[in-house]
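K.L.:
What shape does this take:
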Amino acid sequence: MSNLFEALVVRYCPVFRHKRIYNETIAWLERNNVPVLIHDNTEINIGLSAARNLLLKKAKADVVILMDFDIRFRTVDFTAMAEKAMEPDVGLVMPAKRGMGITKHAEWQPIVSPHCHCMVMERQLLLDMGGIDEGYFVTYGDLDLVDRVKEKGLQLLQHNKSYIKYHFGLSVDVKGRNKIWAKDEKTYQQRRT
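P.N.:
Numbering: from 1, shown residues only. As a prediction, this is how the structure comes out:
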């Protein structure tokens, strides 16, 4: 029997702080029986988008979880999110995060401002869409994906019973971050105008 979902995690740990957060994230996933596929970008950094696409090709589950390694899980129901992601009119599901405007009485709500740190999506849909655009090295590939899902007329949903905390910026090298982000942002702006 195959798994309903698999987490695709790209490891990038040039310093101890990265390793500590990465180890905490992987330990949480293992404790909660979440199958994980990992690509290590530490020695040879091929970019987040390219690494996620390599993992996508290896994935076997019906649903993939595209997630940063530097998040903390408060309470997360990946089964509920995976089942929702498989509905024909749904393109992408995310857990709630601080500042996202949670409607406390609704289990599901449309995503207004995606955070992209943890995205749950049907694997075949992502493959049919060509995966993550590798023209983005680290950032904006996920926002580009969100835009492409919207263009297909599919729903973007937030699961308000799942909640994460993101450790901003640990998944990239701080020294080179601004230059890389600026290049990715320029690419995104050029493609979206």
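K.L.:
so where do the helices sit in the protein?
P.N.:
For the chain, helices defined by DSSP state H occupy the ranges 16-31, 48-58, 78-85, 123-128, 141-151, 174-191.
K.L.:
And the lowest mean pLDDT element among the helices and strands of this protein?
P.N.:
One helix or strand of the chain scores below all others by mean pLDDT, DSSP states H and E: helix 174-191, with a mean of 70.
K.L.:
I'd like the distance between P114 and V146.
P.N.:
5 Å (C-beta to C-beta, to the nearest Å). For the C-beta atoms, the positions are set from N, CA and C on the backbone; glycine is no exception.
K.L.:
So which of the helices of the chain is the most surrounded?
P.N.:
The highest average neighbour count among those, using mean count of other C-beta atoms under 10 Å, belongs to helix 78-85 at a mean of 21.
K.L.:
can you list the weak-confidence ranges in this structure?
P.N.:
Within the chain, the ranges that satisfy pLDDT under 70 run 1-2, 98-105, 167-178, 181.
K.L.:
repeat that with 50
P.N.:
Scanning the chain for pLDDT under 50 picks out the ranges 1, 170-171.
K.L.:
Select the longest strand from it.
P.N.:
The longest strand of the chain (DSSP state E) is strand 155-166.
K.L.:
that older thread, which residues are in contact with both of P114 and V146?
P.N.:
Common contact partners of P114 and V146 (C-beta atoms under 8 Å, 6 or more residues apart in numbering): L92, L156.
K.L.:
Any figure for the gap between the spatially closest residue to C118 that is not a sequence neighbour and A106?
P.N.:
In space, and not counting its chain neighbours, C118 is closest to M67: 4.4 Å by C-beta to C-beta, 6 or more residues apart in numbering. M67 is 23 Å from A106, where distance means C-beta to C-beta.
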